[in-house]
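Q: Give me a model of this one.
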Amino acid sequence: MNKKFVKENKTLVREFISALISSIVAGKLSKGLEKKLMSNPETKKEIQKLKGMKKELNKRLDASISNLRDRFAKINASGKKRDIGALAEDKPKLIQRVINKGTKNALRCMEISMGSPLRENEKNATKKSEINPECPELANPSYQPYGG
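A: Coordinates of the predicted model:
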C-alpha cells in the first residue's frame, strides 16, 4: 500500500485494521492468515497483550456488575426490600433527580471506558461527595474509600 492510497482511504483502512484486530482477539480468523500473523513474534506478543487486556476488562466488568447487584439488593430501615416504584409514587421529583444524576454518571463511566481522558476534578477527587459513585475505581483513581 502506498501513502497516497492510505491517506485517501484512511477510514476504510482504519475499519479494516480494527476489524482484523477484533477478529484476532475474538479468535474468528482464517487459519492461513492466523498462521502468517502468528509467525511474527511481535504480532504474537501484541495479540497476547490484547487478550490479557480483554481478560482484565472482563474482570473489572464482572466486579462492577456484582457491586451493582449488591447495592440494589439492600433493605431499608423498616426491614423491607427497597421498592423504587412506591418511593417514586410518594416522591417523584426526588426519584427523577436521582435517576437523572445516576444516568449522567453512568454515561460518563461509559465515556471513560471507551477512552475519554479523565477530567481534573475526577483525577483529584478524594471525598465521597466528589466522586462518580457509579464507577469510582475507573473515574476517580485518587479516591480511597473511608475506613479502607
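Q: Any regions of this protein where pLDDT drops low?
A: 1-7, 23-34, 72-73, 76, 147-148 (pLDDT under 70).
Q: repeat that for 90
A: 1-88, 109, 112-116, 123-130, 132-148 (pLDDT under 90).
Q: For it, which segments are assigned as helices?
A: All helices of the chain, identified by DSSP state H, fall at 3-8, 10-26, 31-39, 41-72, 84-90, 92-113, 120-123, 136-139.
Q: Please identify which of these is closest to residue 130.
A: helix 120-123 (7.0 Å; CB to CB). All C-beta atoms are positioned from the backbone trio N, CA, C, and that covers glycine.
Q: buried ones in the closest one?
A: Across helix 120-123, burial judged by 16 or more other CB atoms under 10 Å covers residue 122.
Q: Convert the C-alpha atoms of it to PDB, please.
A: Output in PDB follows, covering the C-alpha atoms of helix 120-123 (Å, rounded to 0.1, in the frame of the first residue of the first chain):
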ATOM      1  CA  GLU A 120      -9.000  17.300  36.600                       C
ATOM      2  CA  ASN A 121     -11.900  17.100  39.100                       C
ATOM      3  CA  GLU A 122     -12.100  13.300  38.500                       C
ATOM      4  CA  LYS A 123      -8.400  12.800  38.900                       C
END
